[in-house]
Structure formats: C-alpha cells, structure tokens
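Asker: Build the 3D model from these lines:
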Amino acid sequence: MPANSFGNRRRGGLGSMLKGRLMIALLMIGFAVVSYFMSTKTEVNPITGEKQRIALTVDQEIAMGLQAAPSMAAQHGGLFNSDEHQRQINLIGDRLVANSRAAEGGYPYDFHLLADRTTVNAFALPGGQIFMTAALWAQLGEAAEAHQRQTGQDWYEDCIAGVLGHEIGHVVARHSSQQMAKSKLTRGISTAVIMAGGNGGGQMGAMIGQLINTKYGREDEHESDKLGIGFMVKSGYNPEALILVMKVLKAAGGGARPPEFLSTHPSSENRIKLIEQEIARLRNKSG
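Answerer: Numbering: from 1, shown residues only. Just a heads-up that it's a prediction; the model follows:
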C-alpha cells in the first residue's frame, strides 16, 4: 500500500462529507425559500405605498395584538394608575390617528400608559396596541419643562405625540407581519449554514441571521420616524419635538450599546440627522 494511501482515503472521505453537507444545505435553503413564498404573500401597503411580503392579515394582526396586550402590560407592572394621564395619552394618540392616514389602516388603536417607572421605553404590538412606560412619560415631561424654560415653547404634548406617532408608524407599515415573514426565510438560511459549516457553522449561521434581521430593523425604525413626523405635522404638532425625544432616549441609554451595524435601532445621531432632513423636506414641500 502506498505510504500516502490512508491520507488520500481520508481526504476523499472528508471531501464526500463536505459535499454531502453542502447538498443538504442547498436543499434546506431551497425548502426555506419555497416555504417563505408559500406561507407569505405580497401586498402593496395602501398608506406607505411599499410593496412588502407579509405573513399575517390585518385581522390576524389585530387578534394577535389583543391577545398579547395583557401579558405585555403585566411584564411592566400593569397599567399606570392615573385616569388623567391615561386620558392625555388617549387624546394625543386619537388626534394623531384622526388627522392622518393612519386611520385608513383599519386598526382599532389603543394607547396604554404602563406603570413601569424604571424602563424608558415605548413599543407597538401588531394591530394597534401601543404602549409607553411611565419612566419615558416622566423623562419626556422633564425634558419638555427644561425646553420651555429655555425657549418659552411648550413641547410636552408634542414629545408624547412624537413617541406615539413613531409607534403608529410601525403599525401602519405592518413591520411585525413583515418581520415574521422574513424570519421564516432567515431561520431556514441560518440552519442551512449550520449544517454546511459543521462545528463552526452555528456561530456563523447565527451571525448571518442577526445581520439580516438588524438591517431590516434599522430600515423599519427610519420608516417609522418618517411616518411619525408626517402624522405629527398633519395633526398640528411640532415635529422638532421628536429630536428632543431622541435626546432623551440617548441619555437614558447611556454609552453601553453595540455598534450600529449590529443594532436594531440606528444611532441617535443618525436618527436625528434623518429626522431633520425629513422635517426640512416636508416644510419645503408645503412651502
């Protein structure tokens, strides 16, 4: 037997194994693509004009949001115990919807103020369930008071409108349904990479899925900022208050955050720049 025959057989075995893994990965990718197109559909969003691939109907989004709303509230200590504060958030949210194209989406919007005094956050569930924490509400109030002392301008309601308008933007743009559709594809691709890569594939597959999803996340945030600004303008709120909101969120987040390319939310500096550009565009258009 030649001295290197064992090595040749070993290399041949490894080559066959790699080819087998690659074939399985290609089949899995093909299955993921077929499953993606079979379980989702393409629609043109009537409000954004965007052609998007979605996984849920409007009725399914509404049902999902209503079902999840109680548990989401419970995770933040329940609802804030103040009829006056709840009345305020309802008035601002309803004004944004009534005076803009957000009313055309067919969603029954509900605005909730959560009792959480430590988490500075706001979020939207599919179908129009929108939440803001008491911590964010309080910090926006403090920032608005400071701004009023400096400029004489009362931006308190405008700041709240900036947050709610952004979250309404997520709802009407159907970002949740779009993300669910995309996740069907990215999960399949990530799994295929894991199969093809052997021991080191798991980390690579997870990284690929994360990079794809964070890219979509940043695009969604930019789109919601633009939609929210439009809703504010249509409803008579000052859109520049959204810049103050961004500064509040930046201060609340501190310096501990991942690089922007691995973050679902764009950096505050980039968001502020894009917000300023959108405000200028709308003002030039109206002028």
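Asker: Only C-alpha atoms from now on, for both contacts and neighbour counts.
Answerer: Noted.
Asker: which residues of the stretch 101-250 of the chain score low on pLDDT?
Answerer: Within the stretch 101-250 of the chain, the stretches with pLDDT under 70 are 184-216.
Asker: Recalculate using a threshold of 80.
Answerer: By pLDDT under 80, the weakly predicted segments of the stretch 101-250 of the chain are 180-217.
Asker: got the residue ranges for the strands in it?
Answerer: Here the stretch 101-250 of the chain has its strands, by DSSP state E, counting those that start in this stretch, at 110-114, 122-124, 129-133.
Asker: which residues touch the first one?
Answerer: Contacting residues not belonging to strand 110-114 are listed as 73, 76-80, 85-86, 89-90, 93, 128-134 [Cα atoms under 8 Å, 6 or more residues apart in numbering].
Asker: Would you report which members of those are assigned to helices?
Answerer: Those of the contacts of strand 110-114 mapping onto helices are 73, 85-86, 89-90, 93, 134, per DSSP state H.
Asker: Make a ChimeraX selection of whichever of the residues you listed turn out to be buried.
Answerer: Applying 16 or more other Cα atoms under 10 Å to those, the buried members can be selected in ChimeraX as follows:
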select :73,86,89,90,93,134
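Asker: Can you tell me which of the ones in helices among the contacts of strand 110-114 comes closest to Ala181?
Answerer: Ala73 (25.6 Å; Cα to Cα).
Asker: show me what contacts the closest one?
Answerer: By Cα under 8 Å, 6+ apart, the contact list for Ala73 reads 79, 114.
Asker: Gln88 versus that one, what's the distance?
Answerer: Going from Ala73 to Gln88 by Cα to Cα, to the nearest Å gives 18 Å.
Asker: quick revisit: reformat the ones in helices among the contacts of strand 110-114 as JSON lines; add distance to Ala124.
Answerer: Shown next, in JSON lines, are those (distance: Cα to Cα, whole Å):
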{"residue": "Ala73", "distance to Ala124": "12"}
{"residue": "His85", "distance to Ala124": "19"}
{"residue": "Gln86", "distance to Ala124": "17"}
{"residue": "Ile89", "distance to Ala124": "14"}
{"residue": "Asn90", "distance to Ala124": "15"}
{"residue": "Gly93", "distance to Ala124": "13"}
{"residue": "Ala134", "distance to Ala124": "15"}
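Asker: Most widely separated two among the ones in helices among the contacts of strand 110-114?
Answerer: Between any two of the ones in helices among the contacts of strand 110-114 (Cα to Cα), the greatest distance is 17.9 Å, for Ala73 and Gly93.
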